[in-house]
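J.: Turn this into a model:
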Amino acid sequence: MNAIEIKNLTKYYGKARGVLDLNLTVEEGEFFGFIGPNGAGKSTTIRTLLGLIHPTSGSGTIFGMDIEKEKKKILADVGYLPSEAIFYSGMRVKDVLKLSADLRKKDCREESAGLCERLQLDTSRKVDELSFGNRKKVAIVCALQHNPKLLILDEPTSGLDPLMQREFFSILKEINQAGTTVFLSSHVLSEIQRNCHRAAIIREGKIIACDKVDELSKTSTKRVMVHGEVSLEGLSGVRDQQLTEDGTSFLYSGDLNALIQCLSKGRLIDLSLSEPDLEEIFMHYYTDGGEIK
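T.: Predicted coordinates for the structure are as follows:
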């Protein structure tokens, strides 16, 4: 059975675009990535799946259940982490966690205690006193403590320091190996590359690519940063050239030997090559006609 299945899903906010004709399938047990910049339609897709907003057209199912007709049954098996967590003022962390468990009519004390320990979350503090990162930890525990069959995460690592991010993904990998389907929405490409089996790229409300992560990441194009007095005249494969205070930056898809030979004719001080950023990866999937390469 598929954990998530979306068919021709469209959502408009008045005349404003949300998502357009989305078709997507996530298999049960997958660790699936949903990649896109802010405003691409990631949160709209998630909120529609969870029944928080109604689609303009199209349909979707979670574990075979219709997202509009069987929302209550769906939510019993789902853990959801929104991009921003808001709690009732004046409550302590332990009270928030208990409320979340009580709403699901489950005793989650053992699982909650383990998660709080791993995330270094002080349950005696009031939520009003917490930093953004610690509020995110509270939301993580609320989403995970009832051992959901499907975990939907919307920009989950914002606010977490690098050590907590590493521990968080260790937890996700463990529950995924135990059978939980993980749907990770993020604009941080490295999170998807390190953790997901497959991923879909969404841009301007449309899915432009969906494949195994290794396949999506394949590109010979590099971001090159050059320091010194050099000329790129006659060098093919150069685009998006930008002059900065430190030197010249450009995307390069040609032969690296030709690049070195060209730069060696000038006064080269330093040279660095890196993977393109997320927006540049997106452009790899487009031709002038708008078709995926």
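J.: contacts, neighbours, all on C-alpha from now
T.: Noted.
J.: residue ranges for the helices of the stretch 51-200 of the chain, please.
T.: Along the stretch 51-200 of the chain, counting by DSSP state H, counting those that start in this stretch, helices occupy 71-76, 93-103, 109-118, 132-144, 162-177, 189-195.
J.: export those helices to TSV and tack on distance to residue 33 and mean pLDDT?
T.: TSV is the format used below for the helices of the stretch 51-200 of the chain (distance: least, Cα to Cα, whole Å; pLDDT from 0 to 100):
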stretch	distance to residue 33	mean pLDDT
helix 71-76	20	92
helix 93-103	26	96
helix 109-118	23	97
helix 132-144	18	96
helix 162-177	13	96
helix 189-195	6	85
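J.: quick one: the closest residue in space to residue 75 that isn't next to it in sequence and residue 43, what's the gap?
T.: Nearest non-adjacent residue to residue 75, counting by Cα to Cα, 6 or more residues apart in numbering: residue 50, 7.2 Å away. According to Cα to Cα, to the nearest Å, residue 50 stands 11 Å off from residue 43.
J.: do the same with residue 275
T.: Noted for residue 275: a distance of 27 Å to residue 43, by Cα to Cα.
J.: More neighbours: which of the two?
T.: residue 43 (20 against 15; other Cα atoms under 10 Å).
J.: most tightly surrounded among the helices of the stretch 51-200 of the chain?
T.: helix 132-144 (a mean of 22; mean count of other Cα atoms under 10 Å).
J.: tell me the pLDDT at residue 244?
T.: Residue 244 is assigned 81 on the pLDDT scale.
J.: so what's it up against?
T.: Contacts for residue 244 (Cα atoms under 8 Å, 6 or more residues apart in numbering) come out as none.
J.: Quick one: residues contacting the nearest residue to residue 247 once chain neighbours are set aside.
T.: Excluding the flanking residues, the one nearest residue 247 by Cα to Cα, 6+ apart is residue 227, at 4.6 Å. Contacts here follow Cα under 8 Å, 6+ apart; on that basis residue 227 touches 246, 247, 248, 268, 269, 270, 271.
J.: Among these, which one sits closest to residue 166?
T.: residue 271 (30.6 Å; Cα to Cα).
J.: beta partners of the closest one?
T.: residue 226 (DSSP bridges).
J.: That one and residue 230 touch, don't they?
T.: No: contact criterion Cα atoms under 8 Å: residue 271 and residue 230 do not qualify, at 11.1 Å.
J.: Looking at the two, which is more packed in?
T.: Set residue 271 next to residue 230 and count neighbours by other Cα under 10 Å: residue 230 wins out with 17 against 14.
J.: now the strands: where do they sit in the protein?
T.: 2-13, 16-27, 31-35, 57-62, 65-66, 78-81, 150-154, 181-186, 198-203, 206-212, 222-229, 238-243, 248-252, 267-274 (DSSP state E).
J.: Dump the C-alpha coordinates for the fourth one into CSV.
T.: Extracted as CSV, the C-alpha positions of strand 57-62 are listed here (Å, rounded to 0.1, in the frame of the first residue of the first chain):
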residue,chain,number,x,y,z
SER,A,57,-9.6,20.2,-7.3
GLY,A,58,-7.9,16.8,-7.4
SER,A,59,-7.7,14.2,-4.7
GLY,A,60,-5.4,12.5,-2.3
THR,A,61,-5.2,9.4,0.0
ILE,A,62,-3.1,8.5,3.0
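J.: Show me what that strand pairs with in its sheet, parallel or antiparallel.
T.: Take DSSP bridges as the rule and strand 57-62 pairs in its sheet with strand 2-13 (antiparallel), strand 65-66 (antiparallel).
J.: Which one of those lies nearest to residue 169?
T.: strand 2-13 (20.4 Å).
J.: if we can go back for a sec, for the helices of the stretch 51-200 of the chain, could you give me TSV that also reports distance to residue 239?
T.: Shown next, in TSV, are these (distance: least, Cα to Cα, whole Å):
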stretch	distance to residue 239
helix 71-76	47
helix 93-103	51
helix 109-118	46
helix 132-144	39
helix 162-177	33
helix 189-195	22
